[in-house]
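[1] structure for this input, please:
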Amino acid sequence: MNNIWSKTILQVYRYLPRIVGTYDKLILSKAVNSQFISGANVAYFSTEAVTDAILNLSQRKITLINLKLITEKALKSMKPSLARFLILKFIDGKKSVELADKFNVCLRTVFRKLNSALDSFSKALKRLGYDDDKLNTMLNKETWIKKVYENTLHKDFSLIENDDIKRTIKSSVIIDLRAVSVN
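    Predicted coordinates for the structure are as follows:
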């Protein structure tokens, strides 16, 4: 298993509750708005179309909740010191220089620890049954997560700053949610 999925999952982790909340709002909106049917949009708001849309959104919500739980379980199964490095770097958004200062180590040691922690996280995911193929299949409808994955894959991750990650996630989520709300 490569560390690209590990980095991706850790980067998107902090956004999962917000996206799940957005899915809840979209589900409610679909249900409430389905009562306003006119001749022009009968097919769009048919019981079957509304039900399919709500089921699709609900499944996506479940996927994100499961991803959050899987991430937490993988982190808990790791050595606490390595898990802490990952949490500070990816979830709390600390820069590598800040980690070096916090732990009073050189920058090179931070990068070694982060690589070791990512390897450990990848192995923890694999022990839980989530290899690259399983994660690709599980997250295939979450285009915003796939976009973060692609950006992480094609960039030297050490050069990516948290602001770049935030912009990628924010723009990808907005585009993804607009597509979902239209369907």
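[2] give me the below-cutoff pLDDT ranges for the protein.
    The model of the chain has pLDDT under 70 over residues 1, 35-45, 156-183.
[3] for it, what's the longest helix?
    helix 47-76 (DSSP state H).
[4] tell me the helices and strands packed up against that helix.
    helix 3-12, helix 16-33, helix 80-86, helix 107-127, helix 132-138, helix 162-182 (3 or more CB pairs under 8 Å, 6 or more residues apart in numbering; DSSP states H and E). Quick note: C-beta positions are derived from backbone N, CA and C, even for glycine.
[5] mean neighbour count added to those, as a markdown table?
    Shown next, in a markdown table, are those (neighbours: other CB atoms under 10 Å):
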| stretch | mean neighbour count |
| --- | --- |
| helix 3-12 | 23 |
| helix 16-33 | 15 |
| helix 80-86 | 17 |
| helix 107-127 | 17 |
| helix 132-138 | 13 |
| helix 162-182 | 15 |
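[6] just put those helices in a markdown table and tack on distance to residue 100.
    Output for the helices and strands packed on helix 47-76, formatted as a markdown table (distance: least, CB to CB, whole Å):
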| stretch | distance to residue 100 |
| --- | --- |
| helix 3-12 | 19 |
| helix 16-33 | 28 |
| helix 80-86 | 11 |
| helix 107-127 | 5 |
| helix 132-138 | 30 |
| helix 162-182 | 16 |
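[7] and these: which comes nearest residue 69?
    Set against residue 69 and scored by CB to CB, the helices and strands packed on helix 47-76 come closest in helix 16-33, at 9.8 Å.
[8] was I right to think residue 85 contacts residue 96?
    No: using CB atoms under 8 Å, residue 85 is not in contact with residue 96, being 10.3 Å away.
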